[in-house]
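1. Have a look at this fold, sequence not included:
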């Protein structure tokens with residue numbers, strides 16, 4: 001059986017979110033699906049003025065009343081931050097600002113003294129969660145940034161909605177960095193093109209995923225340029241400097257968890273990257289690859305099984 005599909009793309013989370021679903025569904029279905037994404041954007045995006053995360057940021061140093069979902073998000077984040085050696089930290093915003101990502105132009109590399117001062121504000125362990133009272137507090141002058149996870153969290157809520165509506169197969173492309181496959185026997189896999197950060201004309205390889213997410217991070221498009229050198233937006237909470245790795249790709253069942261891991265592993269050495277994936281594979285289904293600054297690619301034990309031959 002050959003299935004025809006229809007596609008819509010809308011702008012959310014500072015990204016083009018493309019949904020591909022079977023053609024037999026009315027266009028009104030897209031409205032219901034995008035409503036799920038819009039609700040997550042409104043309630044949990046640090047860039048949304050009335051979100052729970054914004055309220056936490058605006059009241060740093062004090063407890064803020066939140067909902068169960070905010071607690072679920074932050075508990076998951078704290079858990080995986082510890083698994084990732086603290087190289088994933090949603091309180092990284094002060095370092096991002098120090099490096100000039102919210103300025104028109106950054107002329108100088110921050111000094112070591114400046115970095116050390118700002119690093120004191122970056123510590124996910126200072127996110128306090130009172131589950132019973134439904135309250136959250138961050139340390140004074142800390143700030144949570146949601147860019148590394150809120151889009152993929154929304155995608156997982158969208159997949160739940162698709163299942164509820166009986167949509168058996170779909171592919172969700174959330175800005176090119178999160179690709180979520182929904183499969184059944186008719187559409188057993190979806191193909192994903194993995195781009196080459198060094199060569200826009202030639203891809204690295206193609207992979208096939210089934211009811212999984214491919215999460216990828218690179219420094220290609222988001223960077224500051226200082227004295228002719230590009231510094232990417234994925235910054236190590238430990239060193240205070242942008243990672244020099246070129247690209248990472250992670251396959252997991254949950255896009256929310258996959259995007260967290262993708263960002264945290266981007267800051268690792270190749271050896272530690274492989275070690276952490278091995279450790280995490282005891283808890284979740286996970287494979288991945290890392291391209292280091294010398295363009296050498298390191299694969300987890302089972303990743304190459306996903307590459308189309």
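-> Structure's in. What do you need? Worth saying up front: this structure is predicted, and the values here are computed from it rather than measured.

2. what helix or strand is residue 193 on?
-> For residue 193, the host element (DSSP states H and E) is strand 190-194.

3. likewise residue 206?
-> Using DSSP H and E, the element containing residue 206 is strand 205-209.

4. same deal with residue 35?
-> Assigned by DSSP H and E, residue 35 falls in helix 28-44.

5. go on, residue 259?
-> Using DSSP H and E, residue 259 maps to helix 255-266.

6. picking up where we left off before, run through the neighbouring helices and strands of the strand holding residue 206.
-> The contact analysis (3 or more Cβ pairs under 8 Å, 6 or more residues apart in numbering; DSSP states H and E) places strand 205-209 against strand 190-194, strand 247-252. Every C-beta, even on glycine, is put in place using the N, C-alpha and C of the backbone.

7. Generate JSON lines for those, with mean pLDDT and mean neighbour count as supplementary columns.
-> What follows is the helices and strands packed on strand 205-209, written out as JSON lines (pLDDT from 0 to 100; neighbours: other Cβ atoms under 10 Å):
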{"stretch": "strand 190-194", "mean pLDDT": "97", "mean neighbour count": "17"}
{"stretch": "strand 247-252", "mean pLDDT": "98", "mean neighbour count": "25"}
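
8. For residue 139, which of those strands is the nearest?
-> Shortest distance between residue 139 and the helices and strands packed on strand 205-209, using Cβ to Cβ, is found for strand 247-252: 29.2 Å.

9. so what's residue 11 closest to, chain neighbours aside?
-> Closest residue in space to residue 11, ignoring its immediate chain neighbours: residue 17 at 7.5 Å, by Cβ to Cβ, 6 or more residues apart in numbering.

10. Against residue 55, how distant is that neighbour?
-> According to Cβ to Cβ, to the nearest Å, residue 17 stands 25 Å off from residue 55.

11. Which one's more surrounded, the two?
-> A direct count of neighbours by other Cβ atoms under 10 Å for residue 17 and residue 55 places residue 17 higher, at 22 against 15.

12. mind checking which helix or strand the more buried one is in?
-> Here residue 17 sits within strand 15-22, counting by DSSP H and E.

13. I would like the residues contacting stretch 205-213, please.
-> By Cβ atoms under 8 Å, 6 or more residues apart in numbering, the residues outside stretch 205-213 that reach it are 152, 155, 178-183, 188-194, 214, 249, 251-255, 258-259, 285, 306-308.

14. Please repeat the previous calculation with a cut-off of 7 Å.
-> For stretch 205-213, the surrounding residues in contact (Cβ atoms under 7 Å, 6 or more residues apart in numbering) are 178-183, 188-194, 214, 251-255, 258, 306-308.

15. And it, what's buried?
-> For stretch 205-213, a neighbour-count test (16 or more other Cβ atoms under 10 Å) marks 205, 207, 208, 209, 212, 213 as buried.

16. Stretch 33-43 now?
-> Neighbour counts over stretch 33-43 (16+ other Cβ under 10 Å) mark 33, 34, 36, 37, 40, 41, 43 as buried.

17. Where does the prediction get shaky in the chain?
-> Scanning the chain with the threshold set as pLDDT under 70 gives 1-2, 104-106.

18. nearest spatial neighbour of the residue nearest in space to the middle of it, skipping sequence neighbours?
-> Centroid-nearest residue in the chain, with Cα atoms, centre = their mean: residue 259, separated by 3.2 Å. Using Cβ to Cβ, 6+ apart and skipping the chain neighbours, the partner closest in space to residue 259 is residue 152 (3.9 Å).

19. now the angle between strand 205-209 and the strand holding residue 193, please.
-> For strand 190-194 against strand 205-209, the angle by axes from the mean of the first three to the mean of the last three Cα atoms, to 10 degrees is 150 degrees.

20. For residue 201, list the residues it contacts.
-> Under the criterion of Cβ under 7 Å, 6+ apart, residue 201 has no contact partners.

21. Secondary structure of it: a helix, I assume?
-> No: using DSSP: H, G, I helix; E, B strand; the rest coil, the secondary structure at residue 201 is coil, not a helix.

22. Tell me the spacing between it and residue 108.
-> Residue 201 sits 34 Å away from residue 108, going by Cβ to Cβ.

23. burial count for residue 131?
-> 11.

24. next one: residue 130
-> Residue 130, neighbours per other Cβ under 10 Å, totals 13.

25. Distance check, the closest residue to residue 66 other than its chain neighbours against residue 166.
-> Counting by Cβ to Cβ, 6+ apart, residue 52 is the residue found nearest to residue 66 once chain neighbours are left out, at 4.6 Å. Residue 52 is 31 Å from residue 166, where distance means Cβ to Cβ.

26. Which one of these two is surrounded by more residues?
-> Legend: neighbour count by other Cβ under 10 Å for residue 52 and residue 166, higher for residue 52 (23 against 7).
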